[in-house]
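Undergrad: what's the 3D shape of this:
(2 chains)
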Amino acid sequence: MVEPTTASTLSPELARELLVQMVRIREFEQTAYLRFLQGEIPGTLHQSQGQEAVAVGVCSLLTKDDWITSTHRPHGHALAKGMHPNVAMAEVYGKSTGCLGGRGGSMHLGDPDIGMLTSTAIVGGGLTIAPGLAWALKSTRTKNVAVSFFGDGASNEGAFHEGVNYAAAFSLPVIFVCENNMYGASTPFHEVTKNTNVASRGAAYGIPAIQVDGMDVLAVRDAMTEAVERARNGEGPTLIEALTYRFVGHSRNDARAYRTKDEEQLWKDRDPIESLKNVVSTNGILSDSEIESALAQAKQEIADAVLFAQESPVPDAAAATDLSTIYSNLPDPSAQPIRLPDGPEERWLSISEALREGIAEEMRANPAVYLLGEDVGVPGGFGGAFGVYLGLSDEFGRDRVVDTPISEKAILGAAIGSGIAGMRPLADLQYADFIYEAMDEIVNEAAKIRYMSGGKVAVPMVLRSPVGASQRGAQHSQCPESQLLNFPGLRVVCVSDPYVAKGVIKTALRGTDPVLIFEHKKLYGSKKRVEAGSITSRTFVPEEDYTIPLGKALIRRDGTDVTILATFTELYKSLEIAARLASEEISCEVIDPVWLSPFDWETIFASVRKTGRLVVAHEGHLTGGWGGEVAARVAEECFSSLRAPIKRVASKDVPMPFAPSLESAIVPAAADIEKAIRDVVA
Amino acid sequence: MQQIVMPNLGQTVEEIYIQEWLVKVGDRVELGQPLCIVETDKAQLDVESVAEGTLVRIAEQAGATVEVGQLIAEIE
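TA: Numbering: from 1, shown residues only, chains lettered A, B, ... in the order given. Predicted coordinates:
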C-alpha cells in the first residue's frame, strides 16, 4: 500500500520539478496555439491544456528505459517523458530539426531514445502495441514497464478489449492510463456508453483498476507508484482512469459550442497548475520567488523552442522518398534470380516440413525469436492450423511458442511492439482472411512506424498465414497479398515451394522489417492435414543454413516464347502446361516472383524482353490483383519488346463459394492458363 | 519586432471586421492577452497576443475589414 503524497512528504526538489514540467507543457501548448493562429504552423493541432497533471504525474515515475505509447494529443506526454521542447516544437512546425524530421507533425511525436514510441493518431492504436513492448521488457528480464495513454473515446474501441485482455492474460508490465476528459472530439462520453466509469472495466479483465483525480498531480503519482510497483514485481497490468479536462477545443477552430461556459469554469477553477502552486505555497515547500523562478524557467524554455523552430530549415523534399527511412533492408543489387537446387531424395521436404525446420533453426540460433498465434503450442493441440509448428513447443517451451487469445489485433500489436523492443516475433494467423481484423496494426502501425520515425524505429516482425480456396467458402479462402502491396513499408512474400519456404523464413526473421508471408493451403504437404485437391510441391531442401535473397524472383523453367509469371497453385498448373507445350515447340519461361514487395522487376523485364509475351496467373481476384500492376509496369517498360497483349488469369470477381463445383468455376483452371498462353503465342 | 496578423478564426471565414481595440500604442501586452475584438459572419471573438512586449503600432484601426493573414499590429 502506497502512502498518499502529502505536503509533508513532498520534497522541494520534486515539487519544483513537477511544477516546471506542468508549466512547460502549458506554455508549449498555449504558444503553439497562438503561433498556429498566426499561420506559422501547418496542418492542425490537438492540445492538452488542463491535462498536464496526468502526463507529468505518470511520466515522473518512469525512466527513459520505460516505454510509453501516446495519442493524437501527444505534446504533453512527449515533454513529460523528456523530449526537449526544441525538437517537439520544431516537429509541430514541420521542420527538419523536429524529433521526426517533419514526417510526423503534431499528432506523431516520439523518440525511441526517450522511450516514447512515435505516437499513434489512430484512436486506441497504442493499446495493442503496449502489451508487445511489455512482452519484450519482460522476456529480456528488465524491470521496465510500458505505459499506454488513451482517451475515454478509445475505451470503446475493440483495441481496448483486445489489448487489455492480452496484457492481463500474460501478466505483462503494462499500465493503461485513460485520460478521461469526458469528450470524444465534441461527443459527450456519457452519450456513447452506458458505463462511463472506465476504471470499472478493469474488473472485466481481472486486473486492478483505479479512478483518480486527473487534476491533482500528486494523486496521479500515488496511483502510478502502486501500478509501477505491481508491474515491476511481475504482477501484471493496472488500469488507471484519470478524470481530467481539456481547457481548449479538440483541434484547431473548435469553438467548443458543445460545452457550457459554466462547465468549463468549474474545471478551470481546478487548474492542476494552480492547485500544485497552492499546495507548495501554503505549506511552505517552495517560496514565492522559487515558484516564480520555476515558472520563468519553463517560459524561457518555450520561448527558446519557438525561436529554434522558426529558424530551423524546412525538410529537403528529397528526404520524403529516402528508401532507407521506409525499409531497414533493401535488395542487394548484385543478387541473382533464385534457382531450385537439386539433392538427394531424403531431403525432398514438404512446405510444412521446410517451414518447421527453418523456424526451429532460427529459434535455436536466436533466443529473441518466438512464435505467437492461436493453437500453436497447446500440448495435444493443432500445432498451428496446418500443423507447421507441431513439436516446437516441446523443444522451446510455451514461453516461446505462445498460444494467444483469439485476438488478431492483439496478436499483431504484440508482434509489432515486441519487435520494436528487441524481440523477433513470428506471428501466425490461421487463415489470411483474419488479417482484416488486424488491418489497423498492419497498415497504420507496422507499415508506418519506421517511416514516421525517420528510420529510427525498426519494426522487425514476421507474419505467416495461409491463403487460397480449399472448400471453406468465402471467409476462409481469400488471397489478401495484392491488397497489401498498396502499403509502402510492408514486405510481402508468396511461398510456393519448400526451398523458398525454409530460406525465406530465415531471411524474414533475420531482417528488421515487417514481412508478411503467405502460403497456399493446398501446397503444404502436411501429413496431418491433407487438403482435398492438394498438389505435391516437394523439392530438395538443403540441410545447411541458407537464406533467400530479398526481392529476387525464382526462375522455375527457362524458355524463349512466352513468360509465365505465377504463384501458388497457378505456378504448378503453369509448370505442367509448360512441360506439355514443349512437345509442340512452344517454349515457356515460368517465373515465381516469390516477393511481391520488393518485386524483382529486373528479372521480369529481362524475361519479357527475351520472350516478347507475358501471361500472369494468380488466384487472387482479377480486379486489383497484383497481375494488373505487373501488366501496367511491363507495358510501360517493355512496350517495344511486346509481341502480343499481356494476359492475366485470375479468380473471377466473386466471393469464393463453398461447393466444389462452384469453387472451381471461380478459381482459374489449368485450361484458362493454357488458353492465355496459346492466345499470346498465336 | 513581432508582427501580429489576423488569425484564421474559422474554417470558412476569410474577411474579418475589427470592432474594437482593447489596447493602445505604448501599452505593455502579455502573451495571450486579448488585443482586439473582431466579428466574423459566425461569432464575436478576441484576437490574442502571440508575444510579450510593448505595442508599437496598430496597422488596422477599429472599423476596418481585413483578410486572414493581414498585418494588424506590431509588438516590440
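Undergrad: pLDDT score for whichever residue of chain B sits closest to chain A?
TA: With C-beta to the nearest C-beta, the shortest gap between chain B and chain A falls at residue B:7, namely 3.3 Å. C-beta coordinates here come from the backbone N, C-alpha and C atoms, glycine included. Residue B:7 is assigned 86 on the pLDDT scale.
Undergrad: Equivalent analysis for residue A:253, please.
TA: pLDDT, residue A:253: 67.
Undergrad: same check, this time on the one 5 residues further on
TA: Each residue has a pLDDT score; the one for residue A:258 is 88.
Undergrad: Spatially nearest residue to it (excluding sequence neighbours)?
TA: Computed as C-beta to C-beta, 6 or more residues apart in numbering or on different chains, the closest residue to residue A:258 that is not its neighbour in sequence is residue A:186, at 4.4 Å.
Undergrad: From what I see, that neighbour and residue A:250 are in contact.
TA: Yes. Under the criterion of C-beta atoms under 8 Å, residue A:186 makes contact with residue A:250 at 6.6 Å.
Undergrad: With neighbour numbers in mind, choose between these two.
TA: Neighbour count, other C-beta atoms under 10 Å in any protein chain shown: between residue A:186 and residue A:250, residue A:250 has more, with 20 against 13.
Undergrad: How about the contacts made by that one?
TA: Contacts for residue A:250 (C-beta atoms under 8 Å, 6 or more residues apart in numbering or on different chains) come out as A:46, A:183, A:185, A:186.
Undergrad: just to revisit the earlier point, neighbours of the residue of chain B closest to chain A, how many?
TA: Applying other C-beta under 10 Å, we find 23 residues neighbouring residue B:7.
Undergrad: For it, which non-adjacent residue is closest in space?
TA: What sits nearest to residue B:7 in space, not counting adjacent residues and going by C-beta to C-beta, 6+ apart, is residue A:37, at 3.3 Å.
Undergrad: the helices in the stretch 301-450 of chain A, which residues?
TA: A:323-326, A:351-365, A:392-396, A:408-420, A:439, A:449-452 (DSSP state H, counting those that start in this stretch).
Undergrad: can you pull the pLDDT of residue 3?
TA: In the absence of a named chain, chain A is used. On the pLDDT scale, residue A:3 gets 70.
Undergrad: That was the other one, I meant chain B.
TA: 89.
Undergrad: same check, this time on residue A:364
TA: We have a pLDDT of 98 for residue A:364.
Undergrad: Run through who's touching the worst-scoring helix or strand of chain B on mean pLDDT.
TA: Using mean pLDDT, DSSP states H and E, strand B:44-48 stands out as the lowest-scoring helix or strand of chain B, at a mean of 85. Defining contact as C-beta under 8 Å, 6+ apart, one finds that strand B:44-48 is touched by A:34, A:37, B:4, B:6-7, B:9, B:19, B:22, B:32-39, B:72.
Undergrad: Filter the residues you listed down to the buried ones, PyMOL style.
TA: Buried members of the contacts of strand B:44-48, defined by 16 or more other C-beta atoms under 10 Å in any protein chain shown, are picked up in PyMOL with:
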select buried, (chain A and resi 34+37) or (chain B and resi 4+6+7+9+33+35+36+37+38+72)
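Undergrad: about what we covered before: nearest to chain B, of the helices of the stretch 301-450 of chain A?
TA: Closest of the helices of the stretch 301-450 of chain A to chain B is helix A:449-452, at 26.2 Å (criterion: C-beta to the nearest C-beta).
Undergrad: Could you list every helix and strand in contact with that closest one?
TA: If contacts are counted by 3 or more C-beta pairs under 8 Å, 6 or more residues apart in numbering or on different chains; DSSP states H and E, helix A:449-452 sits against helix A:323-326.
Undergrad: what is the mean pLDDT for the helix it packs on?
TA: 94.
Undergrad: next one: stretch A:341-354
TA: Mean pLDDT, stretch A:341-354: 95.
Undergrad: Any idea how far apart the tips of that stretch sit?
TA: Across stretch A:341-354, the terminal residues are separated by 14 Å (C-alpha to C-alpha, to the nearest Å).
Undergrad: cool, stretch B:57-65 as well?
TA: 17 Å.
Undergrad: Then stretch A:646-656?
TA: Taking C-alpha to C-alpha, the first and last residues of stretch A:646-656 lie 26 Å apart.
Undergrad: so where is chain B shaky, pLDDT-wise?
TA: B:10-13 (pLDDT under 70).
Undergrad: Return the residues of it in contact with chain A.
TA: Proximity of chain B to chain A is confined to B:4-5, B:7-11, B:31-32, B:43, B:48-50, B:68-69 under the rule C-beta under 8 Å from any C-beta of the partner chain.
Undergrad: and the residue nearest to residue B:7, what does it touch?
TA: B:7, B:8, B:9, B:48, B:50.
Undergrad: if we go to 10 Å?
TA: A:45, A:252-253, B:4-9, B:47-48, B:50, B:68 (C-beta atoms under 10 Å, 6 or more residues apart in numbering or on different chains).
Undergrad: circling back to that earlier point, so which of the helices of the stretch 301-450 of chain A is the most surrounded?
TA: Stretch with highest mean neighbour count among these: helix A:408-420 (a mean of 30; mean count of other C-beta atoms under 10 Å in any protein chain shown).
Undergrad: can you tell me which of the contacts of strand B:44-48 are in helices?
TA: A:34, A:37 (DSSP state H).
Undergrad: near chain B, which residues of chain A?
TA: Contact residues, chain A versus chain B (C-beta under 10 Å from any C-beta of the partner chain): A:27, A:30-31, A:33-40, A:252-253, A:255, A:257, A:299, A:302-303, A:306.
Undergrad: if you set the cut-off to 7 Å instead, what comes out?
TA: A:30, A:34, A:35, A:37, A:38, A:39, A:253, A:255 (C-beta under 7 Å from any C-beta of the partner chain).
Undergrad: How confident was the prediction at the residue of chain A found nearest chain B?
TA: Minimum separation of chain A from chain B (C-beta to the nearest C-beta) falls at residue A:37, amounting to 3.3 Å. pLDDT, residue A:37: 86.
Undergrad: got the contact list for the nearest residue to residue A:51 once chain neighbours are set aside?
TA: Leaving aside its chain neighbours, residue A:51 sits nearest to residue A:244 (4.7 Å; criterion: C-beta to C-beta, 6+ apart). Residue A:244 sits next to A:50, A:51, A:54, A:179, A:180, A:181, A:214, A:215 when contact means C-beta atoms under 7 Å, 6 or more residues apart in numbering or on different chains.
Undergrad: close enough to count as contact, residue B:6 and residue B:73?
TA: No. The criterion here is C-beta atoms under 7 Å, and residue B:6 misses it with residue B:73 at 9.7 Å.
Undergrad: What is the neighbour count of the closest residue to residue A:336 other than its chain neighbours?
TA: Of all residues not flanking residue A:336 in the chain, residue A:552 sits nearest, at 7.0 Å (C-beta to C-beta, 6+ apart). Neighbourhood size, residue A:552 [other C-beta under 10 Å]: 20.
Undergrad: Name the SS class of residue A:552, please.
TA: Per DSSP: H, G, I helix; E, B strand; the rest coil, the local secondary structure of residue A:552 is coil.
Undergrad: okay but it is in contact with residue A:600, surely?
TA: Yes. Counting by C-beta under 7 Å, residue A:552 does reach residue A:600; the two are 5.3 Å apart.
Undergrad: where do the contact lists of those two overlap?
TA: residue A:337.
Undergrad: ok so, going back, and the gap between the residue nearest to residue A:51 and residue A:31?
TA: Separation of residue A:244 from residue A:31 (C-beta to C-beta, to the nearest Å): 21 Å.
Undergrad: could you list every residue that touches the residue positioned nearest the centre of chain A?
TA: In chain A, the centroid-proximal residue (C-alpha atoms, centre = their mean) is residue A:446; its distance is 2.6 Å. Taking C-beta under 7 Å, 6+ apart, we find residue A:446 in contact with A:416, A:459, A:461, A:490, A:514.
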